[in-house]
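Student: I would like the atomic coordinates for the input below:
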Amino acid sequence: MLLARTTNQEKIPVGTPVRMRVTFTLEKKPTDTPDIVNLVALIADTLEGVWYDNNSQIVELQCRKVMGDHAKAYITVDELIWPRR
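Tutor: Numbering: from 1, shown residues only. Predicted structure coming up:
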């Protein structure tokens, strides 16, 4: 959370749809680790009020678990610009 507050990410305006991408790097086999849905929910709830107003703004989600030397999460949140009808 502290790192999220110190990045250059500006808070996305209220009501603006966002895309969240999360890659969890884990030290164990990805199938031996916590449920990815629970991990993403934790991230989405933690960033609420920091990078966006409400996690209901997330309309697109991409997530995966991979093996690596150190456990970490790489997170991007992008504002989606949709054409108005």
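
Student: mind jotting down where the strands sit in this protein?
Tutor: 18-26, 58-67, 72-79 (DSSP state E).

Student: just send those strands back as CSV, with mean pLDDT and mean neighbour count too.
Tutor: Every C-beta, even on glycine, is put in place using the N, C-alpha and C of the backbone. Output for those, formatted as CSV (pLDDT from 0 to 100; neighbours: other Cβ atoms under 10 Å):
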stretch, mean pLDDT, mean neighbour count
strand 18-26, 93, 18
strand 58-67, 94, 13
strand 72-79, 90, 15
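
Student: residue 37: which of the ones you listed is closest?
Tutor: Closest approach to residue 37 among those is made by strand 58-67 (8.6 Å; Cβ to Cβ).

Student: got a list of contacts for the closest one?
Tutor: With contact meaning Cβ atoms under 8 Å, 6 or more residues apart in numbering, strand 58-67 is reached by 17-30, 33, 36, 39-40, 44, 52, 80.

Student: and the residue nearest to residue 74 when sequence neighbours are not counted, what does it touch?
Tutor: In this structure, residue 74 finds its nearest non-sequential neighbour in residue 23, 4.6 Å apart by Cβ to Cβ, 6 or more residues apart in numbering. Residues near residue 23 by Cβ under 8 Å, 6+ apart: 63-66, 73-74.

Student: for residue 23, give the beta-bridge partners.
Tutor: residue 64, residue 74 (DSSP bridges).

Student: so how far is residue 68 from it?
Tutor: Using Cβ to Cβ, to the nearest Å, one gets 10 Å for the distance from residue 23 to residue 68.

Student: now that we have the strands of the chain, can you turn them into CSV and tack on distance to residue 10?
Tutor: Putting those into CSV (distance: least, Cβ to Cβ, whole Å) gives the following:
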stretch, distance to residue 10
strand 18-26, 12
strand 58-67, 17
strand 72-79, 9
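
Student: out of those strands, which is closest to residue 11?
Tutor: Here strand 72-79 is closest among these (Cβ to Cβ), at 9.8 Å.

Student: dump the contacts of residue 23 into CSV; add distance to residue 12 as well.
Tutor: Output for the contacts of residue 23, formatted as CSV (distance: Cβ to Cβ, whole Å):
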residue, distance to residue 12
63, 19
64, 23
65, 25
66, 26
73, 19
74, 18
